[in-house]
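S.K.: what would the 3D arrangement of this be:
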Amino acid sequence: MSDEIQRVYKFYGADRALDNLSKYRLKVSTLADLNDPFEFRSFVIPHPVTRAAWEKMRTQLFEGKGIICFCKSWDNPVIWSHYADNHRGIALGFDIPSKLLLPVKYRKIRAPFPNISTISVQSATTHIKNTMATKFVHWEYENETRVFVDANEACSKTGLYFKSFDEDLVLKEVIIGPNSAVSSEELEKTTDLTGVRIVTSRLAFKSYRVIKQRKHDLQK
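M.R.: Numbers count the residues shown, from 1 in each chain. Predicted structure coming up:
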């Protein structure tokens, strides 16, 4: 359904998370910022002329566009290690309309490059959309979904792009990492968290997961 909402998560070190909360915004990544050099290069393109043409199209497609990458869950310990300062950080949970989210697909091998001149416009559009959300299978642990946004207004001091929280990016949860020194009191002093659930997390005892700390006296 077009009005379906999905809960997704963004991971940060503690300082960056608190800064985002205080300013009610998230950083938007441009094509050059992304940490995977194979982004939007999921095709096999052996011919150098065709490869050069695709690289030019790749740049043009994302001119003025930005990406915010989210995870579909917060219980994977590898995510906390890689993106939340070795479990010392924070995860922010947002409700976003599903129609705005593009789930990432993971492949072992790169797809053959389509002959765009011989296929329909609809098929060509589908191929382009697929490469916007296709990554090597070793990234699968991220369980990623992404939002594409305009990146036309940069912060004058840093040159970075941001998206403010709004009706399409609704903060619903703040999950404190298992090793985080941040407290609920500090979070509540940082910004208005009315209607936002604060969760203290811990390492599971019987599985490789990060889970909710349910003991009241161990809440942060």
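S.K.: so which residue is smack in the middle of the chain?
M.R.: C69 (1.6 Å; C-alpha atoms, centre = their mean).
S.K.: pretty sure that residue is in a strand, no?
M.R.: Yes. Under DSSP: H, G, I helix; E, B strand; the rest coil, C69 falls within a strand.
S.K.: can you give me the helices for this structure?
M.R.: Ranges of helices in the chain, per DSSP state H, are 14-23, 48-61, 77-83, 121-131, 184-190.
S.K.: now tell me which helix or strand of the protein has the poorest mean pLDDT.
M.R.: helix 121-131 (a mean of 68; mean pLDDT, DSSP states H and E).
S.K.: one step back: now do the residue nearest to the centre of the chain, the pLDDT please.
M.R.: On the pLDDT scale, C69 is placed at 96.
S.K.: how about the closest residue to it other than its chain neighbours, what does it touch?
M.R.: Using C-beta to C-beta, 6 or more residues apart in numbering and skipping the chain neighbours, the partner closest in space to C69 is R146 (4.9 Å). Yep, even glycine has a C-beta here, placed from its N, CA and C like the rest. Going by C-beta atoms under 8 Å, 6 or more residues apart in numbering, R146 touches I67, I68, C69, F70, L101, L102, V104, A133.
S.K.: run a quick neighbour tally on A181.
M.R.: Counted with other C-beta atoms under 10 Å, residues neighbouring A181 total 10.
S.K.: tell me the confidence at the residue lying closest to E140 once chain neighbours are set aside?
M.R.: Among residues not flanking E140 along the chain, Y106 sits closest, at 4.4 Å (C-beta to C-beta, 6+ apart). At Y106, the model reports a pLDDT of 96.
S.K.: same question, E63
M.R.: So E63 comes in at 83 (pLDDT).
S.K.: that one: neighbouring residues, count only.
M.R.: 9.
S.K.: likewise R41?
M.R.: 16.
S.K.: point out where the chain drops to low pLDDT.
M.R.: 1-2, 116-127, 152-157 (pLDDT under 70).
S.K.: please, where are all the strands along it?
M.R.: 5-12, 25-28, 43-44, 65-71, 90-97, 101-103, 105-107, 111-112, 134-136, 144-150, 161-164, 170-176, 197-203, 210-212 (DSSP state E).
S.K.: and stretch 211-220, which residues are buried?
M.R.: I211, Q213, K220 (16 or more other C-beta atoms under 10 Å).
S.K.: so the last one makes contact with S184?
M.R.: It refers to K220. Yes. Contact status for K220 versus S184: in contact at 5.9 Å, counting by C-beta atoms under 8 Å.
S.K.: which residues do these two both contact?
M.R.: Shared contacts of K220 and S184 (C-beta under 8 Å, 6+ apart): I176, T200.
S.K.: show me the contacts for S164.
M.R.: Contact analysis of S164 by C-beta under 8 Å, 6+ apart lists Y24, R25.
S.K.: who does it bridge with?
M.R.: R25 (DSSP bridges).
S.K.: measure it to I198 for me?
M.R.: 21 Å (C-beta to C-beta, to the nearest Å).
S.K.: please apply the same query to G89.
M.R.: Distance from G89 to I198, by C-beta to C-beta: 14 Å.
S.K.: likewise for D19?
M.R.: D19 is 17 Å from I198, by C-beta to C-beta.
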